[in-house]
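Student: structure for the following, please:
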Amino acid sequence: MLTRYEDVLAAAKDHERFSNDPRWREATRSVLTPAPDDYSILLVDPPEHTRLRKCAARAFTKARLKALNGTVARTAAELIDRAVRRRTIDWIAEVAEPLAMRVMLAMMGLPGDEHRRWESWSRRRARLLELIATRRQRRTAHIAGSEIRRYFMSLLRERTQSHEDDAISTLARLAAAGEGISMVEACDMLSVLMIAGNETTTHLVGNGMLALVRNPAQMRRLREEPDRVRDAINEMLRFDSPVQTDFRIAKADVNVRGRKIATGDGVILLTGSANRDEAAFENADTFDITRRGPRHASFGHGVHQCIGAELARMEASAIFTEALGALGTIELTAREPYYRTSTVIRGLAELPLHVAA
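Tutor: As a prediction, this is how the structure comes out:
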């Protein structure tokens, strides 16, 4: 288990000695997260990963993100306007989750009424990453994975001739032309993008709002200096990261701080701990939107750095800018918020707030 910022980053960037591929587990009996049936972009090393990432990048071009900007802004405005009318809301269920889901559906080129189906799939499938997942939860996750695979395979076949620039059409054309990705790989990639984009952005927006509410001086400063919103997003990611752990398998004997990690050993990277490392961050347990210093570890580093990082920042920037511009009052209700049970994802089950214009 690696806890220090320097060690976590070093392992994350060193794909020559630390593998993402679960097939390396065959050399060890170490406890690692259960791997999905497929070997998606998350679970392969270069050169396979390099090939797949080039294809995934076609769905995250600057032009595509710019085209999504209007959807993000409209969604943020609509959700905050509804919050103003309701006055008492659950920020997670009524703002964070709908924002992430609607944007991902738009990116995929899927209708908005698909959100209920995807909420269920996303929640069930994400449990597969958990160290604490039960046999029943793993079985349910595999069933969800099979349903998602059938769903995307059908859409990929339909869109091989589509001229749209949504993620499904883009990958369908690449797969049909044999340009770096197969239909099965495209299907697995879409599943990863959809679930990761939904889960992590939801909890960035949830954890970030809780940090602002519990640090009113920082909220006040962001109101007064809205241009700091991207700095604030980065501090939210560092202070209370939506992804707390990452996983690797040693491909060679490695010494870290005088301790030997043997070939085949499972390695857990505690990104949440790395982001609070007092050796890397001054006053590491303080939430400070003006912070300067090293980059947080929440989006990963090296070849596996999160490909959707800019989209997540764009969504979070839009919702916090809209919220702080429209809401004069944002306060916790008497009911204390609580987190979901997870060893990988850190996110609130609910965040009850009183809000007013």
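Student: hey, let's count contacts and neighbours off CA atoms from now on
Tutor: Will do.
Student: all strands of the protein, in order?
Tutor: Ranges of strands within the chain are 18-19, 88-90, 245-250, 254-256, 259-261, 266-270, 329-332, 338-339, 348-350, 352-356, based on DSSP state E.
Student: packing partners of the last one?
Tutor: Using 3 or more Cα pairs under 8 Å, 6 or more residues apart in numbering; DSSP states H and E as the contact criterion, the elements in contact with strand 352-356 are helix 62-86, strand 88-90, strand 329-332.
Student: the ones you listed: which one's closest to residue 239?
Tutor: Closest of the helices and strands packed on strand 352-356 to residue 239 is strand 329-332, at 19.1 Å (criterion: Cα to Cα).
Student: partners of that closest one in the sheet?
Tutor: Applying DSSP bridges, strand 329-332 is found paired with strand 352-356 (antiparallel).
Student: any chance you could list what contacts the strand it pairs with?
Tutor: 83-84, 87-91, 327-333, 335-337 (Cα atoms under 8 Å, 6 or more residues apart in numbering).
Student: could you give the angle of it to helix 62-86?
Tutor: Strand 352-356 runs at 80 degrees relative to helix 62-86, counting by axes from the mean of the first three to the mean of the last three Cα atoms, to 10 degrees.
Student: can you give the distance from strand 352-356 to the centre of its chain?
Tutor: Relative to the centre of its chain, strand 352-356 is centred 26 Å away, using Cα atoms, centre = their mean, to the nearest Å.
Student: contacting residues for the residue located most distally from the centre of the chain?
Tutor: In the chain, the residue that sits farthest from the middle, by Cα atoms, centre = their mean, is residue 258; the gap is 32.8 Å. By Cα under 8 Å, 6+ apart, no residues touch residue 258.
Student: for it, give me phi and psi.
Tutor: Backbone torsions for residue 258, taken as degrees, to the nearest 10, come to phi 80, psi 0.
Student: separation between it and residue 170?
Tutor: 48 Å (Cα to Cα, to the nearest Å).
Student: still on that earlier bit, need the strands of the chain in a markdown table (columns: mean neighbour count).
Tutor: Formatted as a markdown table, the strands of the chain follow (neighbours: other Cα atoms under 10 Å):
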| stretch | mean neighbour count |
| --- | --- |
| strand 18-19 | 26 |
| strand 88-90 | 19 |
| strand 245-250 | 24 |
| strand 254-256 | 12 |
| strand 259-261 | 12 |
| strand 266-270 | 22 |
| strand 329-332 | 18 |
| strand 338-339 | 12 |
| strand 348-350 | 19 |
| strand 352-356 | 20 |
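Student: how about a markdown table for those strands, with mean pLDDT and distance to residue 289 added?
Tutor: Putting these into a markdown table (pLDDT from 0 to 100; distance: least, Cα to Cα, whole Å) gives the following:
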| stretch | mean pLDDT | distance to residue 289 |
| --- | --- | --- |
| strand 18-19 | 93 | 33 |
| strand 88-90 | 95 | 24 |
| strand 245-250 | 92 | 23 |
| strand 254-256 | 95 | 32 |
| strand 259-261 | 95 | 36 |
| strand 266-270 | 94 | 23 |
| strand 329-332 | 96 | 18 |
| strand 338-339 | 90 | 23 |
| strand 348-350 | 95 | 21 |
| strand 352-356 | 95 | 22 |
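Student: can you put the ones you listed in CSV and add distance to residue 307?
Tutor: Below are those laid out as CSV (distance: least, Cα to Cα, whole Å):
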stretch, distance to residue 307
strand 18-19, 18
strand 88-90, 29
strand 245-250, 16
strand 254-256, 28
strand 259-261, 29
strand 266-270, 19
strand 329-332, 32
strand 338-339, 26
strand 348-350, 24
strand 352-356, 31
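Student: out of those strands, nearest to residue 118?
Tutor: Across the strands of the chain, closest to residue 118 is strand 348-350 (Cα to Cα), at 17.4 Å.
Student: give the partner strands of that closest one in its sheet and their orientations.
Tutor: Counting by DSSP bridges, strand 348-350 is paired with strand 338-339 (antiparallel).
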